[in-house]
Every structure is written in structure tokens, then in C-alpha cells.
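S.K.: Curious how this folds, go ahead:
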Amino acid sequence: MGIEDAVNKGKDLYEQNKDKLAEAVKSEQAEDISDKVLDGVADFAKKIAPGAADKIDEIRESADKSIGNE
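M.R.: The predicted structure follows:
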């Protein structure tokens, strides 16, 4: 199997399961995990750029709205 075959197989699997994937991304578990990751990234960014804390929080909230169910 070549790389093109693997890519096509991946696309086929995605198409067959895209509803399940969308459900998983909007699940409570995804929300919990994404909150932990986003909090960690935001805290790290604030340590590097403390003067940009408000902008970092704004970006974190925007990203959070795209992942999970809250």
C-alpha cells in the first residue's frame, strides 16, 4: 500500500465516521480534556507574555467555544 492508498483509506474512514467524530468532539469528555489543555497553554502563554493576559484569555475562550459542548 502506497502513501496515496493510505490517504484515500483515511478519507474513506473519515467519511464513514464523520458523524461519530463530530459527536466525540462535542462530548463532555472532549470538553474536560480541552479545558485542561487550553488552561495549560493559556497559563504558559501568560508566563511568556504577562502583558497580554487579556488577549490570551480572549483567544482561549474563542478556542474553547469550538471544542466540546460548552
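
S.K.: Past the worst-scoring helix or strand of the chain on mean pLDDT, which element shows up next along the chain?
M.R.: Lowest by mean pLDDT, DSSP states H and E among the helices and strands of the chain is helix 3-25, with a mean of 83. Following helix 3-25 in sequence order, the next helix or strand is helix 28-48 (DSSP states H and E).

S.K.: follow-up on the earlier one: next one: the least confident helix or strand of the chain to chain centre, how far?
M.R.: 17 Å (Cα atoms, centre = their mean, to the nearest Å).

S.K.: May I see the buried residues of it?
M.R.: For helix 3-25, a neighbour-count test (16 or more other Cβ atoms under 10 Å) marks nothing as buried. For the C-beta atoms, the positions are set from N, CA and C on the backbone; glycine is no exception.

S.K.: One more: stretch 56-67?
M.R.: Buried-residue list, stretch 56-67, by 16+ other Cβ under 10 Å: Ile56, Arg60, Asp64, Ile67.

S.K.: so which of these would you say is closest to Asp32?
M.R.: Ile67 (10.6 Å; Cβ to Cβ).

S.K.: Turn the buried residues of stretch 56-67 into TSV, including secondary structure and distance to Ala42.
M.R.: Shown next, in TSV, are these (DSSP: H, G, I helix; E, B strand; the rest coil; distance: Cβ to Cβ, whole Å):
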residue	secondary structure	distance to Ala42
Ile56	helix	5
Arg60	helix	4
Asp64	helix	10
Ile67	coil	14
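
S.K.: Closest to Asp5 out of those residues?
M.R.: Closest to Asp5, out of all of the buried residues of stretch 56-67 and judged by Cβ to Cβ, is Ile67, at 31.1 Å.

S.K.: Show me what the stretch of helix or strand Lys55 belongs to is packed up against.
M.R.: Counting by DSSP H and E, the secondary-structure element that holds Lys55 is helix 53-66. Judged by 3 or more Cβ pairs under 8 Å, 6 or more residues apart in numbering; DSSP states H and E, the packing partners of helix 53-66 are helix 28-48.

S.K.: Give me the distance between the helix it packs on and the centre of its chain.
M.R.: Distance, centroid of helix 28-48 to centroid of chain: 10 Å (Cα atoms, centre = their mean).

S.K.: and what of stretch 61-68?
M.R.: 8 Å.
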